[in-house]
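Next one to model:
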Amino acid sequence: MSQLPEPFRLLPGAGDSPVILHVPHSSRVIPAAVRAGITLADDALERELDHITDAHTAAIAAGAAARCATTPWRFVNERSRLVVDPERFPDDREEMRAVGMGAVYTHTTHRQRLRPAGFDGGPLIERYFHPYAQAMTEAVAERLAAAGRAVIIDVHSYPTRALPYELHGEGPRPPGCLGTDAFHTPPALLAAAAEAFAGFGGTGTDTPFAGTYVPLRHYGADLRVTALMIEIRRDTYMSEPGGPPGPGLDALATALAALVDSLEA
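Take a look at the predicted model:
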């Protein structure tokens, strides 16, 4: 039996780079012990992974890093978000709990049961969520110490058509959605991303997904930490749902590299 990769990886960049490309939702890996707590049959689970996984986003980030004049750091989740979702609040602040998709999902993208009623997600939070959050917090602290600032670029994708779990899926679905935070996303960062991704048919701000990831230790407290979420509509680079990448992947990696290079200057 092959050994699973580590739950997450911090891939080094240049020592003085402030940029971290954060890739939280690209993996389909579910450890056997976690799979045992999921009620879906194997074929249904594979279909759910097709819908929920931000497929090939790790490849986009890797391609961007290879193209950058100054290599950014990359923090990559090697577990499916069906294990835990490291970007959710682990408490009542998380609005997605309303559809059973807090830090530990109990329901699927189509609002069907993923885990049994009364499932205790606490052990998964302890085993996966907290170590991930701690490692990302430390990665940001290291960039602050080395570069005096940290820039988190959150790399995601989303389906062309809204799925039933989406709380705000009725709005526009542009080729590029730029998620912002009022405290951590300065106008210059948003403008740089809009320019870098303009060639794919335009971008929108906070539609259909809003916000961006900042470790809780820094969240709302440290202006040296800036952040932006990039949500790429999947039809721009892959076959949906869960299919192979197309030629758009390389173009997106080049655009992401252009954004990083503008931030390194």
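
and stretch 179-195, which residues are buried?
Neighbour-count burial for stretch 179-195, counted by 16 or more other C-beta atoms under 10 Å, picks out 179-181, 183-185, 189-190, 192-194. Glycine gets a C-beta too; all of them are placed from N, C-alpha and C.

what do you get for stretch 56-72?
Under the neighbour-count criterion of 16+ other C-beta under 10 Å, stretch 56-72 has 56-65, 67-68, 70-72 buried.

Check stretch 39-58 too.
40, 45, 47-50, 52-58.

Out of these, which sit inside helices?
45, 47-50, 52, 57-58 (DSSP state H).

closest to residue 225 among those?
residue 57 (21.5 Å; C-beta to C-beta).

excluding its backbone neighbours, what's nearest that closest one?
Residue nearest to residue 57 in three dimensions, not counting chain neighbours: residue 26, with 4.4 Å by C-beta to C-beta, 6 or more residues apart in numbering.

repeat for residue 104
Per C-beta to C-beta, 6+ apart, closest to residue 104 is residue 121, 3.1 Å.

Could you give the number of residues near that neighbour?
17 (other C-beta atoms under 10 Å).

show me what contacts it?
Taking C-beta atoms under 8 Å, 6 or more residues apart in numbering, we find residue 121 in contact with 84, 102-104, 106, 115.

Could you check the pLDDT of it?
Residue 121 carries a pLDDT value of 96.

ditto for residue 1
Predicted confidence (pLDDT) for residue 1: 45.

Looks to me like residue 157 is in a strand.
Yes. According to DSSP: H, G, I helix; E, B strand; the rest coil, the state of residue 157 is that of a strand.
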